[in-house]
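# here is my input, please return the structure:
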Amino acid sequence: MKIKLFIKHIDEKKLDHFPNCKEAVEEAGINFHWKIDKMKDILIQLQSQFSDRFGDFEKVSSKLKVFANPFSCDIEEVPSNLQMNMIDLQSNDVLKSTFYELKDLVKFYGSLPSDFDELKKFAQQFITIFGSTYLCEQTFSIVNYRKNKCASRLTDEHLRAILRIATTNMTANIQEIASQIQPQTSH
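Numbers count the residues shown, from 1 in each chain. Next up is the predicted model:
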């Protein structure tokens, strides 16, 4: 929406939303009209890139609304495999108060009883999409490092295993693992 407005204003030769450009034009007393096409092209390219990168979010926006607030969604908008779970959830005052008390979607969905397994699976899809930026950057760095180090031998299966180990917060209890090892005796 904003980019469309910016394009419209550039066409109308308005710089209200570009204060630095406006100030530079006013201070220099120049006619910036010769740069309009270039500015417009840049904004159109930006709009196209946003559409390419975030177009998938439009497809899942109704599901995202269900995930973000399962108590305010219309049952008809919920995927059919979740409708019964959603009716049970919305009818449960204890779970409703838990939702508003926790104010944390991850904790809320994690606290749901096993009766809501389908809803939990649904929520996991969105929880994994919105991992922290740090984790995304860390994962990307790991992928780049590993692909550069052993590119010819790295299969998708190996890469998944490396990423799982590298991004997990668990620490191995070496003492316990070592105590469970049974030494091999010679035959």
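# going forward, measure contacts between C-alpha atoms and count neighbours the same way
Will do.
# for the chain, which element, helix or strand, carries the lowest mean pLDDT?
The helix or strand of the chain with the lowest confidence, counting by mean pLDDT, DSSP states H and E, is helix 133-149 at a mean of 64.
# ok, then the element right after that one?
Reading on from helix 133-149 to the C-terminus, the next helix or strand found by DSSP states H and E is helix 156-167.
# just the CA trace of that next one, in CSV.
Listed next in CSV are the C-alpha coordinates belonging to helix 156-167 (Å, rounded to 0.1, in the frame of the first residue of the first chain):
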residue,chain,number,x,y,z
ASP,A,156,20.4,-33.0,1.5
GLU,A,157,20.2,-35.6,4.2
HIS,A,158,23.6,-34.7,5.6
LEU,A,159,22.7,-31.0,5.5
ARG,A,160,19.5,-31.6,7.4
ALA,A,161,21.4,-33.5,10.1
ILE,A,162,24.1,-30.8,10.3
LEU,A,163,21.5,-28.1,10.7
ARG,A,164,19.6,-30.0,13.3
ILE,A,165,22.7,-30.5,15.4
ALA,A,166,24.0,-27.0,14.9
THR,A,167,20.7,-25.2,15.7
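# remind me, longest helix of the protein?
helix 36-68 (DSSP state H).
# packing partners for that helix?
Counting contacts by 3 or more Cα pairs under 8 Å, 6 or more residues apart in numbering; DSSP states H and E, helix 36-68 packs against helix 2-11, helix 117-129.
# so how far is the longest one from its chain's centroid?
It refers to helix 117-129. From the chain centre to the centre of helix 117-129 is a distance of 13 Å (Cα atoms, centre = their mean, to the nearest Å).
# ok, residues contacting it?
With Cα atoms under 8 Å, 6 or more residues apart in numbering as the test, helix 117-129 has contacts from 64, 67, 81-82, 85-86, 106, 109-110, 112.
# out of those, who's nearest Gln175?
Checking these against Gln175 by Cα to Cα gives Gly110 as the nearest, at 30.7 Å.
# how about Gln182, secondary structure?
Reducing the assignment at Gln182 to three states with DSSP: H, G, I helix; E, B strand; the rest coil gives coil.
# report how many residues lie close to it.
Look at Gln182: counted by other Cα atoms under 10 Å, it has 7 neighbours.
# Ile177 now?
So Ile177, with other Cα under 10 Å, has 9 neighbours.
# what of the one 3 residues further on?
Burial measure for Gln180: 8 neighbouring residues, criterion other Cα under 10 Å.
# thinking again about what came up before, pipe the contacts of helix 117-129 into CSV and attach pLDDT and neighbour count per row.
Below are these laid out as CSV (pLDDT from 0 to 100; neighbours: other Cα atoms under 10 Å):
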residue, pLDDT, neighbour count
Leu64, 81, 15
Phe67, 87, 22
Asn81, 92, 11
Leu82, 92, 16
Asn85, 93, 17
Met86, 93, 23
Val106, 85, 14
Tyr109, 91, 20
Gly110, 89, 13
Leu112, 93, 16
